[in-house]
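*Asks:* Take a look and give me a structure for this.
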Amino acid sequence: MKIAVLDIGGTAIKSGVFENGELSERKELPANARLGGLHLMETAKKIIAEHSGLDCIGISTAGQVDSEQGIIKYANQNIPDYTGIKIQEIFQETFNVPVVVENDVNAAAIGEAVFGNGQIAKDKNFLCLTYGTGIGGAVVIDGKIFKGASFSAGEIGHIITHGSKTCPGYYEKYASTAALVKNVQAVLPELDDGRKIIMNLEQAAVREIVDKWIDEILYGLASLIHIFNPSLIILGGGIMKEAYVIESLRKKIHSYIMPSFGDVILASAALGNDAGLWGIGYLAGLKTGRKND
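*Replies:* Okay, here's the model as predicted:
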């Protein structure tokens, strides 16, 4: 089965072909998401049109997704006018093949569950978080995504770790990679991405900010560990590939949680930024196979 796979984000659209359990023809283009949801759809159509002989299309995307109907239930202003777009309908009418649509972090979690570090979870239960412009989350129970009452479970970036009733302080405001970059740039404006920041850890001012940011990550992780008691938490996003960050989290987490929760494993995403492509390819093949039975 030949499946065209897309991972639509606010910064880039990643694409490839998923066939026989392998990902190939991997490409990445700027999303230009500021131009809005309809522009994204036209860009995505052009990418898909480059492929022939497709049996299915799988689309992983930012936003809250009704995965049964393939509709964006809600998206913030990182992608203007994306809320309400009927992705499944648009692509089925254009390409006349089945289309499967899923939230990007949910797709990444499935990718890790089947092909990556999710296999570490002895009970097939784990959490998956991605740290970038915001913080995305997915809850995996028995190898499947827990979606909640309206397909919106896993909005971990919006748990409240600071603030008051009149001014809630959401987790992603303090613990996202964007928050780290903002805080560092207030001191050193030239350090405008996570990689540059990590490369400058020898500077005392930078290390102090990074260490405080790591504590902010731990505030959220501690709450999640005490609620879910997971055997594994997979941490995604480019910043989580950095040894200093993941090792600091592993060393410090035990001072934030009760000893009885101490067996939890913190692991970087094995599939990196391609986890969503792997996951949506697997889901599309699975769902299309069921329809064809």
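*Asks:* Can you give me the domain assignment for the chain?
*Replies:* 2-102+274-281, 117-270 (automatic domain parsing).
*Asks:* ranking those domains by burial, who's on top?
*Replies:* Stretch with highest mean neighbour count among those: domain 2-102+274-281 (a mean of 19; mean count of other C-beta atoms under 10 Å). No exception for glycine: its C-beta is placed from N, CA and C like everyone else's.
*Asks:* Quick one: mean pLDDT for that domain?
*Replies:* Throughout domain 2-102+274-281, pLDDT has a mean value of 94.
*Asks:* any chance you could map the helices in the protein?
*Replies:* 37-49, 87-95, 104-115, 171-175, 177-185, 194-199, 204-228, 243-252, 275-292 (DSSP state H).
*Asks:* Let's have these in TSV, adding distance to residue 235.
*Replies:* Converted to TSV, the helices of the chain look like this (distance: least, C-beta to C-beta, whole Å):
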stretch	distance to residue 235
helix 37-49	27
helix 87-95	28
helix 104-115	10
helix 171-175	11
helix 177-185	11
helix 194-199	13
helix 204-228	8
helix 243-252	7
helix 275-292	11
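*Asks:* want to throw the domains of the chain into JSON lines with distance to residue 108?
*Replies:* Listed next are those as JSON lines, based on distance: least, C-beta to C-beta, whole Å:
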{"stretch": "domain 2-102+274-281", "distance to residue 108": "4"}
{"stretch": "domain 117-270", "distance to residue 108": "6"}
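*Asks:* Nearest to residue 110 among the ones you listed would be which one?
*Replies:* Among the domains of the chain, the nearest to residue 110 by C-beta to C-beta is domain 2-102+274-281 (3.7 Å).
*Asks:* what about the closest one, start to end distance?
*Replies:* The separation between the terminal residues of domain 2-102+274-281, taken as C-alpha to C-alpha, to the nearest Å, is 9 Å.
*Asks:* mind checking the end-to-end distance for stretch 266-285?
*Replies:* Length of stretch 266-285, first residue to last, C-alpha to C-alpha: 29 Å.
*Asks:* so how far is that stretch off the chain centroid?
*Replies:* 9 Å (C-alpha atoms, centre = their mean, to the nearest Å).
*Asks:* what does stretch 133-144 give?
*Replies:* Stretch 133-144 has its C-alpha centroid displaced from the chain centroid by 8 Å (C-alpha atoms, centre = their mean).
*Asks:* Now that stretch: average pLDDT?
*Replies:* Averaging pLDDT along stretch 133-144 gives 92.
*Asks:* Dump that stretch to CSV, keeping only the CA atoms.
*Replies:* Extracted C-alpha coordinates of stretch 133-144, given in CSV (Å, rounded to 0.1, in the frame of the first residue of the first chain):
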residue,chain,number,x,y,z
THR,A,133,6.5,27.0,19.8
GLY,A,134,4.1,25.5,22.4
ILE,A,135,3.8,22.2,24.2
GLY,A,136,1.8,19.4,22.6
GLY,A,137,0.7,16.2,24.4
ALA,A,138,-0.7,12.8,23.8
VAL,A,139,-1.9,10.1,26.2
VAL,A,140,-1.4,6.5,25.0
ILE,A,141,-3.4,3.8,26.8
ASP,A,142,-2.9,0.2,25.7
GLY,A,143,-1.2,1.3,22.6
LYS,A,144,-4.0,3.6,21.5
